[in-house]
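**Q** Dropping the sequence and predicted coords here.
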Protein chains: 2
Amino acid sequence: MEQKSLHQHCKFEVPEIIFGRGLLQQVGSCARRLGGKKVFLVSDQGLFQAGWVDLAIRSLQDAGMKVVYFDQITSNPKDYEIEAGLREYVAQGSDVIVGLGGGSALDAAKGIAILSANGGQISDYKGNDKIHRPLPPLVLCPTTCGTGSDVSQFAVINDTGEMCKFTIMSRCIAPDISLTDPDTLRTLPDEYIGSTAIDALSHAVEAYFSVASSTLTDVNALQALTLLTKSFIPAVQERHADNLEDLSRASLHAGMAFSNALLGIGHALAHPIGGLYDANHGDVNAVLLPEVLKFDFPVVRQKIAGMVNALGYKLESNEKFAEEMTIETVEKILAAAGVPRGLRNIGVKQEDLSKLAARAMNDVCLLTSPRQTDVDDLLGILKRSY
Amino acid sequence: MEQKSLHQHCKFEVPEIIFGRGLLQQVGSCARRLGGKKVFLVSDQGLFQAGWVDLAIRSLQDAGMKVVYFDQITSNPKDYEIEAGLREYVAQGSDVIVGLGGGSALDAAKGIAILSANGGQISDYKGNDKIHRPLPPLVLCPTTCGTGSDVSQFAVINDTGEMCKFTIMSRCIAPDISLTDPDTLRTLPDEYIGSTAIDALSHAVEAYFSVASSTLTDVNALQALTLLTKSFIPAVQERHADNLEDLSRASLHAGMAFSNALLGIGHALAHPIGGLYDANHGDVNAVLLPEVLKFDFPVVRQKIAGMVNALGYKLESNEKFAEEMTIETVEKILAAAGVPRGLRNIGVKQEDLSKLAARAMNDVCLLTSPRQTDVDDLLGILKRSY
């Protein structure tokens, strides 16, 4: 079994971060100081019903700007939705983009920003560092507890021709401002609290194990694990504002970690699955996480003590114990989240497993996986997660 | 005894960070991608002798830029040095500023950048948010293990008329890029390793106790404490590259923490002392730190467990034990650093103590001190540290 070599150099870059309850009403002043006159607000319809879109529009208008509202975005945002958004952005003559919502709305906002400055089709920007012209100013306001897109250098878009999600990775697509108001979680349905927090959990674990991790990312990955372990179960059971805030904060820390350390096998597999079946991203991560952990454990032994400590256990020299405690904690969280278990239960067909493994081999997330991995390894993880 | 209320909202902003051994040779590509054609390189003479300035100049020239070298900077950088630097910057028609050195060179680089864009005298920008025009591109490369100026929103300049250091605080003065090459510590004399690491230690402690702290800053403050506790004594005793890298990294984490959580009483007192006697900043912090800790302990009880854990002790419910362990760890580090003990031994005159306490009451660092503080409290700390 091969462990990849660790990077000696590290980079760390995050946008300006603003975090606190009630702060969505500052979205207007954020967009204004980026020079906005006509804001293109990208959101989704669920959020509109909860009243948060109205609040954001009022704030933007109170700051003296016109607002164009665009909500034709679905989960696993589709290439044609981005292209429709671009047409609207151009037709309206907007100059600043605000994304408000879960990862789909935020990634769609990034996609529209990319096309507005760089032209072409969104699939042209698949992979690493394909963006060469600076984006219009971008403010991203997450309203779930999992995406991390509000701080990250990634966007994940669904190529509907290929039926596969692809990742765009570029320092240019981190927004200018990440604005998190944890109060927005108050109206998020239980199942989304659960599945998006599991996404944050996967981000934290994969970033912590990544070969591109460093103390700069590890402190954030471990803080995310601590907050999730402490607050996830009370958050889903009682929905107390303090616990929900902890989940928002965990998502932010995990986003800061994975944007700079990148991810691993879990997300490399989740992207083709999400693309092929339009499956919920958090649910896919939840199904895969235990087997991804078990696969990675043998090559990340020097990091397990830090992880177990973050999960709230006393440090033990016994590696087996540490691994068992980690799996047990994750299993408890998965159970409380009420997420589906087994790929078979989220619509994955057994005859597709080989194709999914092959597609995952091309995902950029595989680059930073701590363990040398071939297509048979990936197929094995898929089969054990089935 | 009054504890101040904790902030509910938090902000976090850091420049692009690049960290790794041998990376100073990338300073040319950093300045180049910020649009530089004629770089103004601010450094100090000690660094020139160690060869690092030559390496930086070669890297800048290899990237196709002209270089103007300016080294008329002393410790506790003086207002007139900044103003002389500005005249040279303007006369030479430079367009990007690179600071290479300890806190003095980096703060001087910031000062020159402020004046070049905003005019007036450097003392005009004393205090919070007085800078209204954007600075020229700025790359800061620290070569000590304490300043944090390379990531911070602060510059500290000595007003030679008043004989008092003042703080400039503005988001505009964080650089575009912070580039740390821990190899530069290899040539730093022992006494500067000691005194600058103590500065980082003070940054971490004061940021962790600050009323503006949050998990975003705490994770960095605690990581700095862990790295300092683990590596400080072997670094000064054996100067092994891994331990020196840990000190560089600790300084970076502490800088990320205090730039966003700000500081407290220790630095509020250190600034007037540094200004009046031109005393070494790390030495002043070293003398004050134990009494500052003891003063703050009663109002930061909820944070001591995290601190003791970061220092490498098992968590204990006994607060008294935790406080004693913290002081004992700090005292061990101070002893190994070989820094002076007692204000009397760094040139402070007993008859000046009241004046120093009064001046500290006006320092911006006092705003985020966790404990309500009056001039008598500050005088008491000075007397106990004498």
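**A** In hand now; what should we look at?
**Q** any idea of the pLDDT on the closest residue to chain B within the stretch 251-386 of chain A?
**A** Residue nearest to chain B within the stretch 251-386 of chain A (C-beta to the nearest C-beta): A:His253, separated by 6.9 Å. Where you see a C-beta, it was placed from the backbone N, CA and C, and this is true even at glycine. As predicted, A:His253 sits at a pLDDT of 98.
**Q** B:Val219 is in contact with that one, correct?
**A** Yes: with contact defined as C-beta atoms under 8 Å, A:His253 counts as touching B:Val219 (7.4 Å).
**Q** quick one: common contacting residues for the two?
**A** A:Asn220, A:Gln223 (C-beta atoms under 8 Å, 6 or more residues apart in numbering or on different chains).
**Q** Counting neighbours, go ahead and name the busier of these two.
**A** Of the pair A:His253 and B:Val219, A:His253 is the one with more neighbours under other C-beta atoms under 10 Å in any protein chain shown, namely 30 against 27.
**Q** Give the rounded mean pLDDT of whichever helix or strand A:Gly274 is part of.
**A** Following DSSP states H and E, one finds A:Gly274 within helix A:265-277. For helix A:265-277, mean pLDDT rounds to 94.
**Q** got it, and stretch A:98-112?
**A** pLDDT averaged over stretch A:98-112 gives 97.
**Q** lowest-pLDDT helix or strand in chain A?
**A** Every helix and strand in chain A was compared by mean pLDDT, DSSP states H and E; the lowest is helix A:45-49, with a mean of 83.
**Q** quick one on the thing from earlier: state the distance from the residue of the stretch 251-386 of chain A closest to chain B to B:Ile173.
**A** Using C-beta to C-beta, to the nearest Å, A:His253 is found at 26 Å from B:Ile173.
**Q** Is whichever residue of the stretch 151-300 of chain A sits closest to chain B in a helix, a strand, or coil?
**A** Nearest to chain B in the stretch 151-300 of chain A, going by C-beta to the nearest C-beta, is A:Val219, at a distance of 3.9 Å. At A:Val219 the chain is in helix, as set by DSSP: H, G, I helix; E, B strand; the rest coil.
**Q** Return the residues of the stretch 101-250 of chain A in contact with chain B.
**A** A:Ser214, A:Thr215, A:Leu216, A:Val219, A:Asn220, A:Leu222, A:Gln223, A:Leu227, A:Arg249 (C-beta under 8 Å from any C-beta of the partner chain).
**Q** can you rerun that using 6 Å?
**A** For the stretch 101-250 of chain A, the contact set with chain B under C-beta under 6 Å from any C-beta of the partner chain comprises A:Thr215, A:Val219, A:Gln223, A:Arg249.
**Q** Let me see the contact set for the second one.
**A** When you say that, I think you mean A:Val219. B:Val219, B:Gln223 (C-beta atoms under 6 Å, 6 or more residues apart in numbering or on different chains).
**Q** ok so, going back, make TSV out of the residues of the stretch 101-250 of chain A next to chain B and add pLDDT and secondary structure.
**A** Compiled in TSV, those are given as follows (pLDDT from 0 to 100; DSSP: H, G, I helix; E, B strand; the rest coil):
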residue	pLDDT	secondary structure
A:Thr215	96	helix
A:Val219	97	helix
A:Gln223	97	helix
A:Arg249	97	helix
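**Q** so how far is chain B from the most centrally placed residue in chain A?
**A** The centroid of chain A falls nearest to A:Thr147 when counting by C-alpha atoms, centre = their mean (3.0 Å). From A:Thr147 across to chain B, the span is 18 Å (C-beta to the nearest C-beta, to the nearest Å).
**Q** That residue against A:Ala105, yeah?
**A** No: using C-beta atoms under 6 Å, A:Thr147 is not in contact with A:Ala105, being 9.0 Å away.
**Q** ok, which stretches of the stretch 1-150 of chain A are strands?
**A** A:10-12, A:16-19, A:38-42, A:66-70, A:96-101, A:127-128, A:138-142 (DSSP state E, counting those that start in this stretch).
**Q** same deal with the stretch 151-300 of chain A?
**A** A:154-159, A:164-169, A:177-180.
**Q** What about the closest residue to A:Glu191 other than its chain neighbours, how many residues nearby?
**A** Excluding the flanking residues, the one nearest A:Glu191 by C-beta to C-beta, 6 or more residues apart in numbering or on different chains is A:Gly338, at 6.6 Å. For A:Gly338, the count of nearby residues is 13 (other C-beta under 10 Å).
**Q** Kindly report the same for A:His240.
**A** 12.
**Q** tell me the helices in the stretch 1-150 of chain A, going along the chain?
**A** A:27-33, A:45-49, A:52-62, A:79-92, A:103-118 (DSSP state H, counting those that start in this stretch).
**Q** give the contact list for the residue nearest to the centre of chain A.
**A** A:Gly102, A:Gly103, A:Leu106.
**Q** from those residues, which is closest to chain B?
**A** A:Leu106 (18.4 Å).
**Q** so the closest one makes contact with A:Ser149?
**A** Yes: using C-beta under 6 Å, A:Leu106 is in contact with A:Ser149, at 4.0 Å.
**Q** Show me the common contact partners of the two, please.
**A** Common neighbours of A:Leu106 and A:Ser149 (C-beta under 6 Å, 6+ apart) do not exist.
**Q** Just to check, A:Tyr313 is in contact with A:Met325?
**A** Yes: the criterion here is C-beta under 6 Å, and A:Tyr313 meets it with A:Met325 at 5.2 Å.
**Q** Quick one, which of the residues of the stretch 101-250 of chain A next to chain B are buried?
**A** Buried members of these, scored by 16 or more other C-beta atoms under 10 Å in any protein chain shown, are A:Thr215, A:Val219, A:Gln223, A:Arg249.
**Q** Now do the same contact list for the third one.
**A** By C-beta under 6 Å, 6+ apart, the contact list for A:Gln223 reads A:His253, B:Thr215, B:Val219.
**Q** at 8 Å what do you get?
**A** So A:Gln223 contacts A:Ala250, A:His253, A:Ala310, B:Thr215, B:Val219 (C-beta under 8 Å, 6+ apart).
**Q** And A:Ala113, how close does it get to B:Ala224?
**A** Relative to B:Ala224, and taking C-beta to C-beta, A:Ala113 is found at 35 Å.
**Q** List the buried residues for stretch A:170-189?
**A** A:170, A:172-185, A:188.
**Q** Would you check which pair of the residues you listed lies furthest apart?
**A** A:Ser170 and A:Asp183 (31.1 Å; C-beta to C-beta).
**Q** how many neighbours does A:Lys314 have?
**A** That count, for A:Lys314 with other C-beta under 10 Å as the rule, works out to 9.
**Q** For A:Pro142, see how far away it is.
**A** 34 Å.
**Q** what comes up buried for stretch A:291-302?
**A** A:Glu291, A:Val292, A:Leu293, A:Phe295, A:Asp296, A:Phe297, A:Val299, A:Val300.
**Q** Now do the phi/psi pair for A:Ser369.
**A** phi -60, psi 140 (degrees, to the nearest 10).
**Q** tell me the contacts of A:Phe297?
**A** Counting by C-beta under 8 Å, 6+ apart, A:Phe297 has contacts A:Ile304, A:Glu323.
**Q** A:Tyr192 too?
**A** A:Gly102, A:Thr144, A:Gly282.
**Q** Could you find the closest non-adjacent residue to the first one?
**A** What it means is A:Gly102. That would be A:Thr144: by C-beta to C-beta, 6+ apart, it lies 4.1 Å from A:Gly102.
**Q** what does the model give that neighbour for pLDDT?
**A** So A:Thr144 comes in at 96 (pLDDT).
**Q** do A:Tyr313 as well
**A** pLDDT, A:Tyr313: 81.
**Q** doesn't it fall inside a strand?
**A** No: counting by three-state DSSP, A:Tyr313 falls outside a strand, being coil.
**Q** Perfect, I'm done here.
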